[in-house]
Every structure is written in structure tokens, then in C-alpha cells.
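[1] This is a predicted model, with the sequence first.
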Amino acid sequence: MLVSAKEMLTKAKAGKYAVGQFNINNLEWTKAILQTAQELNSPVILGVSEGAGKYMCGYTTIVGMVNGMIKEMGITVPVALHLDHGSYEHALKCIDAGFSSVMFDGSKYPIDENIEKTKEIIKIAAEKGISVEAEVGAIGGEEDGVVGGGEVADVEECKMIASLGVDILAAGIGNIHGKYPANWPGLRFDVLEEIGKATDPMPLVLHGGTGIPADMIKKAISLGVSKINVNTECQLSFSAAVRKYIEEGKDLEGKGFDPRKVLAPGVEAIKATVKEKMELFGSVGKAN
Ligand SMILES: [Zn+2]
């Protein structure tokens with residue numbers, strides 16, 4: 001059964017570790033992440049962007065697939081199914097479809113409008129026990145074609161949004177989506193520390209987890225980050241493994257063209273990436 005992300009993240013914050021949000025793209029992705037979480041006895045959040053939602057034939061299809069896998073695979077660790085960077089309309093669609101968590105990304109709105117819309121989502125989600133993540137200060141980089149500039153959130157705005165009753169808060173601290181440029185100056189720990197103090201005990205989220213050095217991840221966790229989003233890194237490891245299989249001509253040997261064989265190395269690569277992240281974040285063995 002899917003669960004809200006609230007309880008697992010509250011536990012993570014208290015226990016000084018973070019739960020990974022791994023974005024899914026298809027059946028193989030979802031299966032690989034769930035299998036790894038179960039093997040490592042770790043709570044997990046499956047992230048779905050609006051683009052991936054459309055790709056996978058809509059939110060009800062995804063809910064059906066994930067619930068089916070939890071049952072068929074005997075998954076017992078806490079699993080949250082979460083809309084990543086949702087618009088107001090899509091947050092409502094996901095709540096209807098059976099997601100257990102939604103992010104409403106109102107960072108593109110003026111703060112007053114962000115507050116109004118966040119309040120409405122919270123009210124509707126709360127009735128169904130669904131957790132809500134809000135964002136203050138756009139996260140830089142590109143996500144579904146939306147490009148932001150690596151902003152740093154305003155502490156007062158964070159405090160305001162946190163006080164509305166959201167369960168999880170994403171605040172820009174110089175992090176960006178996708179690969180980090182060579183001249184990236186690093187995370188703004190001074191700002192993270194202030195936001196952490198102003199919003200405690202709210203679990204904080206670090207978006208754009210791909211390519212942030214391990215020591216920075218650990219420091220961010222020590223300052224209150226309890227959810228870390230990983231997306232690009234699984235895509236990179238998946239495509240590298242599938243490319244290797246094709247380049248070695250394995251699809252041309254025997255029944256090597258079987259899609260289940262072509263994608264198998266990609267699935268193993270995702271599992272390895274997810275394992276590495278869960279170990280780094282400290283969520284291994286924290287499912288109960
Ligand atoms: Zn993000």
C-alpha cells in the first residue's frame with residue numbers, strides 16, 4: 001500500500017538521514033527502484049514529473065502499475081508515489097488518481113499567489129492523508145523544459161510557506177537540475193542553516209541530487225535535508241549500460257534482441273545507482 005511521505009520524512013529528519021526520491025519513467029525503472037528499496041529495507045519515494053506522467057499514459061496508469069507491483073513483488077517497505085514539480089491542475093489530478101504525495105511547485109508565481117494556491121492544495125490533500133511539498137525559490141537547471149537559474153530562497157518566504165501546513169519544503173540553495181557545470185560554486189549552507197532554523201521541524205528537500213559531491217550531501221542532511229531527489233543519475237547509468245550492450249553487439253547474438261534482454265543491463269545499472277544513493281543518504285535499514 002502506498003503511504004504519504006510525511007511519516008517517513010519526519011522519521012528521517014529526527015534520525016539525521018534522508019529518503020531518496022527516485023523519478024520513474026517506465027515499468028523497468030519502477031521495478032528496479034522498488035526491488036532495491038526492499039532489498040535494502042529502505043523507505044522510498046517514487047517521483048513522477050508531469051512529462052513522465054504523460055509518457056506513461058497518465059496518472060491512473062501509474063497508480064495501477066505501482067500498486068500492482070507492490071502487491072506482486074511483496075513490497076513491505078514504505079513507498080510514497082509523489083508528483084514532482086506539479087502545477088496546480090496536475091496536483092489535483094494526481095490526488096484524484098491515487099498518488100500518496102504531491103509537490104505543488106508555485107515558485108513561478110508571485111509569493112501571494114503561491115500561498116493562495118498552496119493553501120487550496122493542502123486543504124484537498126489533507127482530507128485524503130496525502131503529503132504536500134511546496135517550493136520556494138526556483139531550482140535552477142532544466143526540468144520538463146522549464147529553465148530556472150540556481151536561485152537562493154528567501155528565508156522569510158520559506159517561513160511563510162512552511163506555516164501554511166505543508167509537510168515538506170523545497171528551497172533553492174544554489175542546487176540545480178541535471179548535470180552541474182564545472183564552475184558551479186556549490187551549495188549555500190549558510191542559507192540552508194537559516195532556513196532549517198526558521199522552519200524546524202519541517203523536513204527539507206534537496207532537488208537536483210545528481211552530481212552533488214558526497215560530503216556536501218552529508219552536510220546538507222546534517223542541516224535538515226531529509227528528502228533528496230535523484231533523476232538524471234539513473235538516466236545516465238541506464239543509458240550507458242544499454243549502450244554498452246548494443247555496442248558489444250549482444251543484441252545480435254542468439255535471442256539478444258529480446259527487449260527484456262536489451263533492457264536488463266539498464267535495470268541492473270539503475271539498481272546499482274539507487275543502492276549507492278540509499279547508502280549515501282543513510283536510509284538503508286530504516287524501513288521500520
Ligand atoms: Zn526538482
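    Thanks, I have it. Residues are numbered from 1 along each chain as shown.
[2] ranges for the helices of the protein?
    Assigned by DSSP state H, the chain shows helices spanning 5-15, 27-40, 50-55, 59-72, 88-97, 111-127, 155-162, 189-199, 214-222, 232-247, 259-281.
[3] Show me what the fifth one is in contact with.
    I take that to be helix 88-97. Helix 88-97 is contacted by residues 48, 50, 53, 58-60, 62-63, 83, 86, 102-104, 106, 117, 120-121, 124-125, 128, 130 when judged by CB atoms under 8 Å, 6 or more residues apart in numbering. Any C-beta I mention is one placed from the backbone N, CA and C, and that applies to glycine too.
[4] Recalculate using a threshold of 7 Å.
    Outside helix 88-97, the residues that touch it by CB atoms under 7 Å, 6 or more residues apart in numbering are 50, 59-60, 63, 83, 86, 102, 104, 117, 121, 124-125, 128, 130.
[5] Would you mind checking those for buried ones?
    When the contacts of helix 88-97 are checked for burial by 16 or more other CB atoms under 10 Å, the buried set is 50, 59, 63, 83, 86, 102, 104, 117, 121, 125, 130.
[6] now for those, which pair is the farthest apart?
    Longest distance between any two of the buried ones among the contacts of helix 88-97 is 23.3 Å, between 63 and 117; criterion CB to CB.
[7] could I get the contacts of helix 88-97 as TSV with distance to residue 270?
    Conversion of those to TSV gives the following (distance: CB to CB, whole Å):
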residue	distance to residue 270
50	21
59	22
60	24
63	21
83	21
86	23
102	24
104	28
117	34
121	30
124	33
125	29
128	30
130	26
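[8] from these, which is closest to residue 75?
    When these are compared for distance to residue 75 (CB to CB), residue 63 wins out at 14.7 Å.
[9] Between the buried ones among the contacts of helix 88-97, which sits nearest residue 32?
    Using CB to CB, residue 63 comes nearest to residue 32 of the buried ones among the contacts of helix 88-97, at 18.7 Å.
[10] In this structure, spot the strand with the most residues.
    strand 79-86 (DSSP state E).
[11] ok, residues contacting that strand?
    Residues outside strand 79-86 that contact it (CB under 7 Å, 6+ apart): 2-5, 8, 21, 23, 34, 44-50, 63, 66, 70, 90-91, 94, 99-105, 143.
[12] Quick check: mean pLDDT of it?
    The pLDDT scores in strand 79-86 average 97.
[13] Next, the angle helix 111-127 makes with it.
    Angle between the axes of strand 79-86 and helix 111-127 is 160 degrees (criterion: axes from the mean of the first three to the mean of the last three CA atoms, to 10 degrees).
[14] got the angle for strand 79-86 vs helix 27-40?
    Between strand 79-86 and helix 27-40, the angle comes out at 130 degrees (the same axes, to 10 degrees).
[15] Could you list the low-pLDDT ranges of the stretch 101-250 of the chain?
    Within the stretch 101-250 of the chain, the ranges that satisfy pLDDT under 70 run 140-150.
[16] burial count for the residue of it found nearest the ion?
    Here the stretch 101-250 of the chain gets closest to the ion at one residue, residue 207, 3.3 Å apart by CB to the ion. Using other CB atoms under 10 Å, residue 207 has 30 other residues around it.
[17] List phi and psi for it.
    When quoted as degrees, to the nearest 10, the phi and psi of residue 207 stand at phi -80, psi 160.
[18] Please report how far the residue lying closest to residue 99 once chain neighbours are set aside lies from residue 69.
    Nearest residue to residue 99, sequence neighbours excluded (CB to CB, 6 or more residues apart in numbering): residue 81, at 5.0 Å. Using CB to CB, to the nearest Å, residue 81 is found at 11 Å from residue 69.
[19] Between those two, which is the more surrounded one?
    Neighbours per residue, other CB under 10 Å: of residue 81 and residue 69, the larger number sits with residue 81, 29 against 19.
[20] Okay, and the beta partners of the more buried one?
    For residue 81, the beta-bridge partners are residue 46 (DSSP bridges).
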